[in-house]
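1. Sequence and predicted model, in that order:
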Amino acid sequence: DCQTAQPAGPMLRSKGMILGATFNADGDRLVALCTSPTGEPTGSAAPWSPNQPGWIEQWDWAQGRLAGAVVETPSPPVAVAAAPKDGLVVVVCALGEFLLIDTVTGLVQKDFTDGKSPNHSFLLGMFVRCRKAEFSPRGDFFAIIRDERNVEVRNTTNCELRYPELNQPGQCFDMRMSPDGSLLATASVDKQLRIWDLATGEMKVPPIEHPDWVFSAEFTADGRYVLTACRDHRLRVWDWKTGRQVCPEMVHADEVFSARFLYEDRLIAAASRDRIARVWEWRTGRPVTRSFGLQMQPYGTDVHENG
């Protein structure tokens, strides 16, 4: 419970290692992404392999019990997104398979197990970071990253591609739709931010160059600006139509893996490789809170709707 900081329901005990989770649109089901550890924990982390099976657990979290059958996956599930209606979630697995699941019935609607055979030189963190899923605001289509370099935009009704894959010359670390669902921002290892027109699958403007890898991207609520987090320790906010920065750069002591807007786009929450999270007032480029120490390296940041 975000107001009391107390558990909102019973402890949910998975039979394996949890790699991620999300609520469905109604908030009454929790979808957990699971696999088995391949060895003894080291510190606070346990090893796992992308070449082993995984499974998806659907929980009635308020009652503390499983709701529906456990869904087995060919490789560990690592990314999940919930549609804004109809109880659907899309899950992307480590080796590129993806599934569309109805959390109301607990059944798999679509199962695409044609693994994309990604680059196995990736660290395990990269398998998590380079798998993404997001539904459009109306839920009529979704975007997924399942083979490092390409974004697939698919219709929800039949999972067919809307147009050819959106190709990135380098590994794609992040993608975010604009709030109206008309644009997609992608961040990649080739040091570029790209803005795509989701109606046509074409780039809206030339790529925006960065000094180093771009780990994260997000639009403001009005779609006018884009926030990026970069390997050069810096956060930047761009007017994507002109390719110009609109505020001072915000500097961390290490690589910034993820950043998100909060409080009606007035502030930015960011987390970096040195296990530090910080909140910034982006128009001035100044931190507004003390830094928060984390136990492990953060690979993502998210913000509750009330900030």
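-> Received it, and whenever you're ready, just let me know what you need.

2. Show me the shaky parts of the stretch 51-200 of the chain.
-> Filtered on pLDDT under 70, the stretch 51-200 of the chain yields the residue ranges 114-129.

3. Pull the contacting residues for Met17.
-> 34-37, 46, 48 (CB atoms under 8 Å, 6 or more residues apart in numbering). For the C-beta atoms, the positions are set from N, CA and C on the backbone; glycine is no exception.

4. Quick check: pLDDT value at it.
-> Met17 carries a pLDDT value of 89.

5. Narrow the contacts of Met17 to those in strands?
-> 34-35 (DSSP state E).

6. Any chance of a PyMOL selection covering the buried ones in the contacts of Met17?
-> Provided next is the PyMOL selection string for whichever of the contacts of Met17 are buried by 16 or more other CB atoms under 10 Å:
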select buried, resi 34+35+48
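
7. Most widely separated two among the contacts of Met17?
-> Cys34 and Ala46 (12.2 Å; CB to CB).

8. if we can go back for a sec, just put the contacts of Met17 in a markdown table and tack on distance to Cys93 and pLDDT.
-> Formatted as a markdown table, these follow (distance: CB to CB, whole Å; pLDDT from 0 to 100):
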| residue | distance to Cys93 | pLDDT |
| --- | --- | --- |
| Cys34 | 12 | 94 |
| Thr35 | 10 | 92 |
| Ser36 | 14 | 89 |
| Pro37 | 17 | 81 |
| Ala46 | 18 | 62 |
| Trp48 | 12 | 78 |
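
9. ok, Asp26 - contacts?
-> With CB under 8 Å, 6+ apart, Asp26 has these contacts: Gly87.

10. quick check, nearest of the contacts of Met17 to Arg266?
-> Closest to Arg266 out of the contacts of Met17 is Cys34 (37.1 Å), distances taken as CB to CB.

11. doesn't Gly20 make contact with that closest one?
-> No: with contact defined as CB atoms under 8 Å, Cys34 does not reach Gly20; the gap is 9.2 Å.

12. shared neighbours of these two, which are they?
-> In contact with both Cys34 and Gly20: Pro77, using CB under 8 Å, 6+ apart.

13. my read: Asp174 touches Thr186, true?
-> Yes: between Asp174 and Thr186 there is a contact under CB under 8 Å: 7.1 Å.

14. Quick check: neighbours shared by these two?
-> Ala217.

15. What is the burial count for Pro7?
-> Neighbourhood size, Pro7 [other CB atoms under 10 Å]: 9.

16. Let me see the contact set for it.
-> Asp1.

17. That one: which element?
-> Using DSSP states H and E, Pro7 falls within no helix or strand.

18. So that it lines up with my notes, have the first residue be 21 from now on.
-> With 21 as the first residue, the last one maps to Pro27.

19. Need the per-residue pLDDT for it.
-> 84.

20. Give me the phi and psi for it.
-> With angles defined as degrees, to the nearest 10, Pro27 sits at phi -60, psi 140.

21. Next one: it relative to Arg244, how far apart?
-> Distance, Pro27 to Arg244, by CB to CB, to the nearest Å: 39 Å.

22. Now do the same contact list for the residue positioned nearest the centre of the chain.
-> Nearest to the mean C-alpha position of the chain, counting by CA atoms, centre = their mean, stands Lys152 at 4.9 Å. Residues near Lys152 by CB under 8 Å, 6+ apart: 99, 112, 163-165, 192, 194-195.

23. Reformat these into TSV and put distance to Trp302 next to each item.
-> Formatted as TSV, those follow (distance: CB to CB, whole Å):
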residue	distance to Trp302
Ala99	27
Val112	30
Ala163	25
Ile164	29
Ile165	26
Cys192	24
Asp194	18
Met195	21
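
24. farthest pair in those residues?
-> Between all members of the contacts of Lys152, the farthest pair (by CB to CB) comes out as Val112 and Asp194, at 13.6 Å.

25. what about those two, which has more around it?
-> Using other CB under 10 Å as the criterion, Val112 and Asp194 rank with Val112 on top: 27 against 24.

26. Return the closest of the contacts of Met37 with respect to Val124.
-> For the contacts of Met37, the nearest to Val124 is Cys54 (20.8 Å; CB to CB).

27. burial count for the residue lying closest to that closest one once chain neighbours are set aside?
-> Once flanking residues are discounted, Cys54 sits nearest to Gly36: 4.4 Å by CB to CB, 6 or more residues apart in numbering. By other CB under 10 Å, 17 other residues sit near Gly36.

28. do the same with the one 3 residues further on
-> Leu39 has 21 neighbours, counted by other CB under 10 Å.

29. Next: Pro70.
-> Neighbours around Pro70, by other CB under 10 Å: 21.

30. so Arg85 bridges to which residues?
-> Using DSSP bridges, the bridge partners assigned to Arg85 are Asp80.
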